[in-house]
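A.B. asks: The amino acid sequence is not available; the structure is as follows:
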């Protein structure tokens, strides 16, 4: 940690500060510049409160030298983490195609979509049973019943299932789910993250609407610090002033996260754009910049979907896209 | 709801669309313009999926005419809601001063701060027992013990207590708390909101980091639709590209929300700026534009606060501020 | 245009409003809904002031039905515009590779880079002569001399040259430049746009740091309304709260603009990310989602570049990237 | 400047780096931490390219210790700057009320508004002659004629006049203008800023739509580095994801800028909100947090204003507001 003192601080104040810092258990190295003095803090500075120090009258600013995330940090774990979901491997050079409807609606619907996306090359099935909706008057999902329908679809197709959790209190219902998704609005629901750290099941963690990459990694750190190391990160668009698309898909997050962490990174172009006709181009772009997989909404009848029909592909469109994704993956091979 | 069709749509497609909409139970009024056709939907359109319609090939765009929030809407409830907390009335022309430390640390600390803020004019005590922290390695609050200490401080001073909840599963611990706070990161934790709708206790709902006023109102609607009508809204800064302050305090939200809803609106200048020296000017500004109250961090020893010391006022600074706030309130009287 | 009136407006006020609107030369169609009344305005509404109407006491909100951009609108000009720069065609299915250093520094440097990028497959040379810098103390470019050096490089390689203009007053210096670039910070320098509308030379118009796609198109409309139809749009990243990358590259802008306009769209991954190691993945992503070309910073000695060395590729890295871009372009062919 | 090296850098590389830095003319102080090494650069580091250094393979990150703005920095000029405009003093504890219509329309209109705002307590008159408009089809202002009309209004009332410039080429027309305004969209029109640095006339510099405080100060530095020290800064709202107001007024900028610079800071609540009914509360808030003045749109007939009528106050509303502003100013007196 580096502490920059204000111009013209007296020698006495400086020494008091140094003593106080040493009292916190860190070494202090003083660098006197022409205009200002910089203190270099040596040792384990994780317990030092940056905000507090930066508020002191004699301090200009403070900068952390070491990142505050550790378990998820590639520096301390250089090899790619591979998350295993049944026979499917996520990360480490594999490419995972997760697809399915926004909401599970009926047995017929989910089984039909599952078969269609499997035929098109998907290797995991997604479907919402618990639906976070902005309005209390909108369809909230089939809940427990939806999970049962997903299991039927899994039985029929062999595809592992991914579905979203909205509260730790419903964890018992997720016991037989293959991957538990944490939605964007719950990325900083620290209570939920802590509970998910205690189980041993893969978590698909979506980036929040206006969260930085560092915050996403800190949320993954919450889960990992609890002992659950099976985490898949998901970029799904951030909120900007954009007028035509629902969110702004931040694809540079893919190579940036690749550097910062060993965890796999998938992209959700459906929620990022909110428009079915933009899903294919953005899915191809995500593949081209090195994503480990795609999570895409597919519905056999988007016109009558109970939610988010606007951004769903038909099975035919998805099959077409899957072929192109494979070609793009081939094209970027080193 | 208004549906704008694309240029050059055939008469046949237009009629199909109109029929389909009528099948959804709404009346349809067709307005043929020079360039484009507009459909006016009449009746209860809350069940109509805007996103779905806007994704249809022949549709240019869709606009809701009636807001989707109802219980919290001033249109349907013109008088100010007054939230009663013991003897304190929030809203309806009253001004509420909530103050206290970021975290409850010890009995001595919380009782001392409670007495100090009471002496300075505060009429409610805040203090964090459950602390949402970005990092799993940061201090997470005293939890149940913290709530007990708050109760002791209440007993000593008579001040009602406000403290944050992080999960519906800890609701039993909040039974004797006066106002339950929902933090910015949980503003769209819909499961929590739903549970809070079932109790009969005032809720202080903070605006999320990157949430619109409409989303804030929809979250209040979640609570109110459940039957709990005692809600206090709180503006606490939004995330922008800002470099010097932690967040951007959006004070125009105060008069704007005043128009849209009958619920009281308080402002938190401490979290909004993250800097103790900006708290007073922003508190005065909030008072000048009509806020119903202020929630401010005060600590008897900010240098040693376990969290957010950087943004805490001392009791002396708070007492000084409280006097100026009263003068500003007087100055804007009509 | 659609005007939505507030609930409970009297018949008299409504009629006054309708009369006033008719007096502005438009037809008015009244749709009375259960809760609210909607007025549909028919005819040429471009002269109607939306902001003014929405401020009237009886008006709830106003929505334009027809976009305010016209010349650049694909609706009125369905075929792709092809911008011709010497032998190079931009748009209409062609792919344009523009490359070169951030700043022109010396004859040796610009000629060497020009040869290198040409050998790697670039078909246009970029180089800054006038440099917009945040600080008045930073290097501001070689100005007139820089343009002369670019012409020498063009003579040596045959590559057309692209360089940025900062003021209409320097237009005479750009007479022999092939493409004039308008930088992000000047996207809404309306005086400059108006002057560029009067010449007959291709303009490369960069999206502003925080401008919407609609504003980008309105700025192109400024140029086109003046009679200059040779415009290339450029997405170069927008400002968000991002911590690791300089800007957020908004690639969904590519397919979205494709729908809205007939103008070609190129992408600048160098300024968007600010980091050389992110340029290649983002260039591949841009190619995969259908961009018409790439503008990339290349320097023979990034370590000693006078500006933005941090985001420059070496000629070797660029040659490698160019090969992959060609493969990705092949992969997405329908 | 502080350079943080990556973990595990070899001694040899570190020494090369230190030598290279010394070659750039700065002293280097090495601090070896447990995990990482920090280099403290001593001396004049303004010529060192931070971006370049941060791109080096062995560098983790770089941080400037001294701000890059100097002339405008309060550190080097602790006393408030007072800008003198005729008899009016801006800054240094004075409060300036600038008011007038968005656009100058006719002699009658501008003279009438000028008299009305003077009677209400304004001490400067604003009015747009050159209007930056998003659309080329919107009213662009009366230009030279508008400036003539402003001079007539000045003659009639004695109020100094403030009006916006859009290009350095029209500077001759502004010779007899009292304060030249640089609009938000031109805040980084560096060519214009450079020209304005050469004249000796007060400049009112508005913050750009998505510019940081540091960038605003750097733009002021451009003008000041040229020798023109008469600058008034203006906060006028920034762009966020907001739905109900046009922009987000960032009032914390007022006390923050107060710390960073000695220049006066005024607030424009009209453009910040875009809604006449929010202007008064936000003007009072700006006064309460210490602004040096207000620039407000007033029109005698907002319903028929040629532009931005939606956000204009009537003279009566302005007079009412001016009284309250005076009371708030009184209330916050120390």
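C.D. replies: Good, I have the coordinates. Bear in mind the structure is a predicted one, so any value in this text is a computation, not a measurement.
A.B. asks: Show me the domain layout of chain A.
C.D. replies: Following automatic domain parsing, one gets these domains for chain A: A:2-63, A:74-331.
A.B. asks: From residue A:257, how far out is the closest residue to residue A:292 other than its chain neighbours?
C.D. replies: Distances taken as Cβ to Cβ, 6 or more residues apart in numbering or on different chains place residue A:264 nearest to residue A:292, at 4.1 Å, with adjacent residues excluded. All C-beta spots, glycine's among them, are computed from the backbone N, C-alpha and C. According to Cβ to Cβ, to the nearest Å, residue A:264 stands 10 Å off from residue A:257.
A.B. asks: Now for these two: what residues contact both?
C.D. replies: Residues touching both residue A:264 and residue A:257 (Cβ atoms under 8 Å, 6 or more residues apart in numbering or on different chains): residue A:233.
A.B. asks: which of the two has more neighbours?
C.D. replies: residue A:264 (28 against 25; other Cβ atoms under 10 Å in any protein chain shown).
A.B. asks: Show the backbone phi and psi for that one.
C.D. replies: phi -70, psi 150 (degrees, to the nearest 10).
A.B. asks: ok, now which ones touch it?
C.D. replies: A:80-83, A:90-92, A:96, A:232-233, A:292-293.
A.B. asks: and if you look at residue A:237?
C.D. replies: By Cβ under 8 Å, 6+ apart, residue A:237 lies in contact with A:246-250, A:268, A:271-273.
A.B. asks: Dump those residues to JSON lines, plus neighbour count, distance to chain D and secondary structure.
C.D. replies: Below are those laid out as JSON lines (neighbours: other Cβ atoms under 10 Å in any protein chain shown; distance: Cβ to the nearest Cβ, whole Å; DSSP: H, G, I helix; E, B strand; the rest coil):
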{"residue": "A:246", "neighbour count": "19", "distance to chain D": "11", "secondary structure": "coil"}
{"residue": "A:247", "neighbour count": "20", "distance to chain D": "10", "secondary structure": "coil"}
{"residue": "A:248", "neighbour count": "22", "distance to chain D": "10", "secondary structure": "strand"}
{"residue": "A:249", "neighbour count": "29", "distance to chain D": "16", "secondary structure": "coil"}
{"residue": "A:250", "neighbour count": "24", "distance to chain D": "15", "secondary structure": "strand"}
{"residue": "A:268", "neighbour count": "29", "distance to chain D": "19", "secondary structure": "coil"}
{"residue": "A:271", "neighbour count": "22", "distance to chain D": "16", "secondary structure": "helix"}
{"residue": "A:272", "neighbour count": "26", "distance to chain D": "15", "secondary structure": "helix"}
{"residue": "A:273", "neighbour count": "28", "distance to chain D": "16", "secondary structure": "helix"}
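A.B. asks: can you put the residues you listed in JSON lines and add pLDDT?
C.D. replies: Shown next, in JSON lines, are these (pLDDT from 0 to 100):
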{"residue": "A:246", "pLDDT": "87"}
{"residue": "A:247", "pLDDT": "94"}
{"residue": "A:248", "pLDDT": "96"}
{"residue": "A:249", "pLDDT": "97"}
{"residue": "A:250", "pLDDT": "98"}
{"residue": "A:268", "pLDDT": "98"}
{"residue": "A:271", "pLDDT": "94"}
{"residue": "A:272", "pLDDT": "94"}
{"residue": "A:273", "pLDDT": "93"}
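A.B. asks: and which of the residues you listed is nearest residue C:315?
C.D. replies: residue A:250 (29.2 Å; Cβ to Cβ).
A.B. asks: As a check, name the ranges of all helices in chain A.
C.D. replies: A:11-23, A:50-55, A:107-119, A:144-157, A:190-198, A:213-225, A:253-260, A:269-273, A:276-288, A:315-331 (DSSP state H).
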